[in-house]
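J.: The sequence and its predicted three-dimensional model are supplied below.
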Amino acid sequence: MSSSKLPQNVKEGTCCGTIEKATATAREKRENRTKPQPWFVRKLMVAITLGIMGYAAYVYIARLCLPMIREKAGAGAGRGTGIALLVVFCVLYFWMMWAYLKVIITPPGYASNYVQKSERPVFTANVPLHQSWNSTNFAHATTDMEMGSREQNPPTTSHPSGVGNGLAGPSYENLVSRYANANGGHEDINAGVLDAIPIPKPKAAATSSPTDMPQFVPTTVPTASSTTVTSPSTFPSSPTKLKNDRPPASAALTATQRSEKQLEREQRLLELNVDRRPPTTAVLQPVHRYCGMDEFVKPYRAHHCRVCGTCVLKYDHHCPWIGQCVGGRNHKFFLNFCQATVVFTSYVFATLLAFTVRRMNALDGSAGDVDAQEIVIIALAALFMLFTSTLIMSHVNMILKGQTTVETMQIQTMKEREARSLAKAFGWWEFGEKKRLRRQWDEEWGRLDLEGNIWWRGSRHAEWTDVMGDWWAGWIFPVGRPMSDGLNYPVNPRFDSEGRWRRRADWPEGYR
């Protein structure tokens, strides 16, 4: 189905339908891009950003500070106030420009500078083709994460011509498209995943009396991750069991020790296959890391950016405001720039707004007209203050968890799948039951954001210094460099050598 198809609840020809169609068309065009954007287009927003910064400096200095320093009528304050405002403004402006120039001239790190081209790896006999939440089309051995497959039949060349579901999951652009569709009225990306799983048939049905209820015989349930789920009366550590907060006394609980309501709930969870099913794709194997566009095996955490036309080390996202990608080598300077921008815009917004209101309410008869250019800068300062503060909060949170934007979206996809699975088994008001079941899953597998992150180092401080460096001054100012080179990242020992998340019982002894 073409990605430009409108949602069923949006009529073509209406205002919303026109906007949705234009958005879908632009998304489809972006997904199908095989050549990078022209250099001029990629750097256009850099020129616009510098223009906005220059215009803000002109308005603040020429229309606010200089009238005060020259003691003009209606300036709103005296010479001393004007000089103080100007000095603070220049210091903050220099900090922001320094950080911006640092992030636009520092490349994110390109894999092509360190990896040689090679032939596409092939599957070996011991590589299982498991389906997972991040890979729904695994029939083509010649597809890759960045290119995917546009064809229904397996391609015969080593360079597929389309975008779809790669073996290790969709590309960043395709993942964004799916995420937007799932939250914008389009077809659910996981629709039918749980419904397509056969419902297990227990050997005996529950009777009206718990004491007369026969024991269930273990039943194998086919799931997307090829795991085995047994009936409620036989597994002591299954995440699909609902129990009280007190620990179980033994592994074999008889039917007489449980209420009929509990047993019905457990049977319903089993029938709906409500369970945590982590991805089983061997994402660390070279066959899953091959880029068909650059024709080499990507380093860990590298992804192909279709805007820049190359694979970027520890790819986070492509930022048009800096004219390039945010990656392993410049992520620190990107956060430094956002920090400086928040401080600068907050200062400009607060002082301009305060003195504009003061001049309007002057009681000495010196009140003047409102300066339209100052109002424009106040609005722009408020806009960029909110925008960059949101970026700071999100990126600090991701850095402390050892995640990039792409990896966060992948984990969020699994969270949403679990939420939809729980919604089928519980009512909207049963918050406690949902929370208790998630806690049982975390006890068996670990938390999705931390232990379930293949690149988690085990410490928030280690994650922070890996990106921002070990010098405190570099956490604020664009000095120093990150500790990571963007090429080598240790794998979370809670994953196996091929990149599959293991249960807590299978973790190394010191990590359980």
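T.: Received, thanks. Bear in mind that the values here come from a model prediction, so they are computed numbers and not experimental data.

J.: Next, the contact list for the residue lying closest to Gly109 once chain neighbours are set aside, please.
T.: Using CB to CB, 6 or more residues apart in numbering and skipping the chain neighbours, the partner closest in space to Gly109 is Leu313 (3.5 Å). To be clear about C-beta, it is placed using only N, CA and C from the backbone, and glycine gets the same treatment. Counting by CB atoms under 8 Å, 6 or more residues apart in numbering, Leu313 makes contact with Pro108, Gly109, Tyr110, Ala111, Pro299, Arg301, Ala302, Gly327, Gly328, Arg329, Gly486, Leu487.

J.: pLDDT below threshold where in this structure?
T.: Residues of the chain meeting the criterion pLDDT under 70: 1-14, 26-27, 29-33, 124-258, 363-368.

J.: rerun that using 80 as the cut-off
T.: Applying pLDDT under 80 to the chain picks out residues 1-34, 73-76, 123-262, 264-266, 268, 361-369.

J.: Which stretches in it count as helices?
T.: 15-31, 39-60, 66-69, 79-105, 172-183, 260-272, 331-360, 372-401, 405-425, 431-445, 460-468 (DSSP state H).

J.: Give me whichever of those helices is most buried.
T.: Among the helices of the chain, helix 331-360 has the highest mean neighbour count (mean count of other CB atoms under 10 Å), at a mean of 21.

J.: Tell me the helices and strands packed up against it.
T.: Secondary-structure packing of helix 331-360 (3 or more CB pairs under 8 Å, 6 or more residues apart in numbering; DSSP states H and E): helix 39-60, helix 79-105, helix 372-401, helix 460-468.

J.: ok, 6 Å please
T.: helix 79-105, helix 372-401, helix 460-468 (3 or more CB pairs under 6 Å, 6 or more residues apart in numbering; DSSP states H and E).

J.: Using JSON lines, please lay out these together with distance to Trp428.
T.: Formatted as JSON lines, those follow (distance: least, CB to CB, whole Å):
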{"stretch": "helix 79-105", "distance to Trp428": "44"}
{"stretch": "helix 372-401", "distance to Trp428": "27"}
{"stretch": "helix 460-468", "distance to Trp428": "33"}
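
J.: Of all these, which one is nearest Pro38?
T.: For those, proximity to Pro38 was assessed by CB to CB; helix 79-105 is nearest, at 17.3 Å.

J.: how big is the angle separating the closest one from helix 39-60?
T.: 170 degrees (axes from the mean of the first three to the mean of the last three CA atoms, to 10 degrees).

J.: so helix 79-105 versus helix 331-360, what angle?
T.: Using the same axes, to 10 degrees: helix 79-105 against helix 331-360 is 150 degrees.

J.: picking up where we left off before, most widely separated two among the contacts of Leu313?
T.: Across the contacts of Leu313, the longest distance by CB to CB is 13.6 Å; it joins Tyr110 and Arg301.

J.: re earlier: of the contacts of Leu313, just say which sits nearest to Lys261.
T.: Arg301 (46.7 Å).

J.: burial count for the closest one?
T.: Residues lying near Arg301 (other CB atoms under 10 Å) number 22.

J.: Name all residues that make contact with it.
T.: Lys314, Tyr489 (CB atoms under 6 Å, 6 or more residues apart in numbering).

J.: isn't Gly327 right up against Pro108?
T.: Yes. At 2.7 Å, Gly327 counts as touching Pro108 under the criterion of CB atoms under 6 Å.

J.: contact partners of stretch 331-340?
T.: 95-96, 99-100, 102-103, 106, 316, 326, 388, 391-392, 395, 467-468, 478, 482.

J.: again, but for stretch 90-108
T.: With CB under 6 Å, 6+ apart, stretch 90-108 has contacts from 46, 312, 322, 325, 327, 329-330, 333-334, 336-337, 340-341, 344, 347, 478.

J.: Tell me which two in those are the farthest apart.
T.: The largest separation in those, counting by CB to CB, is between Val312 and Tyr347 at 33.4 Å.

J.: From what I see, His317 and Thr405 are in contact.
T.: Yes. The pair His317 and Thr405 passes the contact test of CB under 6 Å, sitting 4.6 Å apart.

J.: my guess is Cys291 contacts His304, does it?
T.: Yes. Contact criterion CB under 6 Å: Cys291 and His304 qualify, at 5.2 Å.

J.: Return the set of buried residues in stretch 502-512.
T.: For stretch 502-512, the neighbour count (16 or more other CB atoms under 10 Å) marks Arg502, Trp507 as buried.

J.: Just the CA atoms of that stretch, as PDB, please.
T.: Extracted in PDB, the C-alpha atoms of stretch 502-512 (Å, rounded to 0.1, in the frame of the first residue of the first chain):
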ATOM      1  CA  ARG A 502      18.300 -12.600  27.400                       C
ATOM      2  CA  ARG A 503      16.200 -13.300  30.500                       C
ATOM      3  CA  ARG A 504      17.600 -12.200  33.900                       C
ATOM      4  CA  ALA A 505      18.300 -15.900  34.700                       C
ATOM      5  CA  ASP A 506      20.700 -16.100  31.800                       C
ATOM      6  CA  TRP A 507      22.600 -12.900  32.600                       C
ATOM      7  CA  PRO A 508      26.200 -13.200  33.900                       C
ATOM      8  CA  GLU A 509      26.300 -13.700  37.700                       C
ATOM      9  CA  GLY A 510      27.300 -10.200  38.600                       C
ATOM     10  CA  TYR A 511      24.500  -8.500  36.700                       C
ATOM     11  CA  ARG A 512      21.400 -10.400  38.000                       C
END
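
J.: List the contacts of that stretch.
T.: Taking CB under 6 Å, 6+ apart as the rule, stretch 502-512 contacts Glu444, Trp445, Pro493, Arg494, Asp496.

J.: could you redo the last one with a cut-off of 10 Å?
T.: Stretch 502-512 has contacts (CB atoms under 10 Å, 6 or more residues apart in numbering) with 227, 237, 239, 276, 278, 442-446, 451, 458, 492-496.

J.: I would like a ChimeraX command selecting only the buried ones among the residues you listed, please.
T.: To isolate the buried ones among those in ChimeraX, judged by 16+ other CB under 10 Å, type:
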select :227,239,276,278,442,445,446,451,492,494,495
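
J.: hmm, back to that, is it possible to export the contacts of Leu313 to TSV including distance to Glu71?
T.: Formatted as TSV, the contacts of Leu313 follow (distance: CB to CB, whole Å):
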residue	distance to Glu71
Pro108	49
Gly109	53
Tyr110	55
Ala111	60
Pro299	62
Arg301	58
Ala302	59
Gly327	51
Gly328	53
Arg329	50
Gly486	54
Leu487	59
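
J.: Show me which of those are buried.
T.: Buried positions within the contacts of Leu313, assessed by neighbour count (16+ other CB under 10 Å), are Pro108, Gly109, Tyr110, Ala111, Pro299, Arg301, Ala302, Gly327, Gly328, Arg329, Gly486, Leu487.

J.: The nearest residue to the fifth one once chain neighbours are set aside and Trp429, how far apart?
T.: Same thing as Pro299. Distances taken as CB to CB, 6+ apart place Leu487 nearest to Pro299, at 5.2 Å, with adjacent residues excluded. As for Leu487, its distance to Trp429 is 50 Å (criterion: CB to CB, to the nearest Å).
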